[in-house]
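>>> got a predicted model here, sequence first, then my questions.
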Amino acid sequence: MNRIKLYWVLQLLGWGFFAFVNVFFASLSKGGIDPIQTWAFLALAGVYLLSTHAFRKYVKAKQWFDLPISSLLLRLFAALALLSILNVLAQVFINLLFGTLNPNEDFRALVISVNLFVSYLYYGFWVLLYFLFHLLDKYNSRLKYEANINEVRLNHLKSQLNPHFIFNALNSVRALVDEDPTKAKTAITGISNMLRFSLMMDKKQVIDFADELATVKDYLALESIRFEERLQVEYHITEEAYSYKIPPMMLQTIVENAIKHGISNLVKGGIIEIKCREGVEDDLYIQVKNSGSLAPDATLKYKEEEGHGLENTKQRLSLLYGDKASFRIFSSGNQFVITELKIPKQRLTLDELTELT
């Protein structure tokens, strides 16, 4: 059951129980309860249901959950008072409609104040339950993302510190020490930058695109030493792309997969082309094109890469952007594979994370 269905089930059960309790206790009175009073209680329950739903929509539209706690509390107390007043007016209308209004009794100050107080309590209890559920759900979403990003970070550290990777990188640098000391220094700097980035990356949801691109360039520079003329790299980055933030290691992961599943399997090597541009709706389009072919079981193959595959990328995009982001991988003819990402400029707020259903 998704959140929307669960919400309506709880709403109907909760306010239905409210009507049942009122009808039950009214039936215990000396005169019992007639059908008109029953319908009046059901109508009142309907008022509570519709008013709380409208209040929920208003809270989400105005993004109250992003407010400081002091501002949020002030708004809540004021809203509860307003809802209570409107509810009492609705009670008067319902009693007029069903002919159960007794002006001499119902318009006394004590009766009105009691009704206001009781309405305030009902609305207060609803708000307490709703906000508690909402905050717990947001906390769960945050924990889910942090667990995911921690897994990516640890897997990335493991891949960067992989003995085979370090062995190849150091051998490449060693070969350059005598013949090209300047390039050897550059390679050592690249290794240092990558390791520093991996070790210093905290539990950040997004980082500047420029930082991610710099790490990708360091990685490809190292791979260029290993593959030499077998690897060609092209960058087509528009200026607008640098104003975006993207999930850490996302572009890096795609490029690593392009090397591992594409270039390294070709005797003559190939090309990796990275394109980044801004779309018409403030979206960043990232396209990584590499020589190679997409196997029929590519999706399964990528899933088995210990967090570096398509499944991990899709999960992270979904957690951060919902359906505002997209990911796809496809063949371009028989010689190239294209991996494409669409990332919006603004990620979802924690409030929106719980509104995905």
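Everything's here; your move.
>>> rest of the way, CA atoms for contacts and neighbours
Noted.
>>> show me what counts as buried in stretch 37-56.
37-38, 40-49, 51-52 (16 or more other CA atoms under 10 Å).
>>> select the longest helix from the chain.
Determined from DSSP state H, the single longest helix within the chain is helix 109-160.
>>> so which elements touch that one?
Applying 3 or more CA pairs under 8 Å, 6 or more residues apart in numbering; DSSP states H and E, we find helix 109-160 packed against helix 69-98, helix 181-200, helix 310-321, helix 350-353.
>>> how about a cut-off of 7 Å?
Using 3 or more CA pairs under 7 Å, 6 or more residues apart in numbering; DSSP states H and E, the elements in contact with helix 109-160 are helix 69-98.
>>> and the angle from the helix it packs on to helix 109-160?
Helix 69-98 and helix 109-160 meet at an angle of 130 degrees, taking axes from the mean of the first three to the mean of the last three CA atoms, to 10 degrees as the criterion.
>>> of the buried residues of stretch 37-56, just say which sits nearest to Asn95.
Ala40 (7.0 Å; CA to CA).
>>> and the closest one, how far is that from Gln346?
47 Å (CA to CA, to the nearest Å).
>>> same question, Glu146
19 Å.
>>> so Ile329, which of the three states?
Under DSSP: H, G, I helix; E, B strand; the rest coil, Ile329 falls in the strand class.
>>> bridging across strands, which residues link to it?
For Ile329, the beta-bridge partners are Thr339 (DSSP bridges).
>>> burial of it, as a residue count?
Using other CA atoms under 10 Å, the number of residues around Ile329 comes to 17.
>>> touching, it and Lys314? I think so.
No: applying CA atoms under 7 Å, one finds Ile329 not in contact with Lys314, separated by 11.4 Å.
>>> between the two, what contacts are shared?
Taking CA atoms under 7 Å, 6 or more residues apart in numbering as the contact criterion, no residue touches both Ile329 and Lys314.
>>> okay, now the domains of the protein?
3-139, 201-353 (automatic domain parsing).
>>> what mean pLDDT does the longest one get?
Averaged across domain 201-353, pLDDT comes to 81.
>>> ok, now stretch 148-162?
59.
>>> now do stretch 78-93
92.
>>> you'd agree Gln205 is in a helix?
No: using three-state DSSP, the assignment for Gln205 is coil, not a helix.
>>> send me stretch 170-186 as CSV with only the CA atoms.
What follows is stretch 170-186, C-alpha atoms only, in CSV (Å, rounded to 0.1, in the frame of the first residue of the first chain):
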residue,chain,number,x,y,z
LEU,A,170,52.4,3.1,-10.2
ASN,A,171,53.9,1.1,-13.1
SER,A,172,52.8,3.7,-15.5
VAL,A,173,54.3,6.4,-13.4
ARG,A,174,57.6,4.4,-13.0
ALA,A,175,57.9,4.1,-16.7
LEU,A,176,57.6,7.9,-17.1
VAL,A,177,60.1,8.9,-14.4
ASP,A,178,63.1,8.6,-16.7
GLU,A,179,61.6,9.4,-20.1
ASP,A,180,59.1,12.2,-19.0
PRO,A,181,59.5,13.4,-15.4
THR,A,182,57.0,16.2,-15.9
LYS,A,183,54.3,13.8,-17.0
ALA,A,184,55.2,11.5,-14.1
LYS,A,185,54.7,14.3,-11.6
THR,A,186,51.3,15.1,-13.2
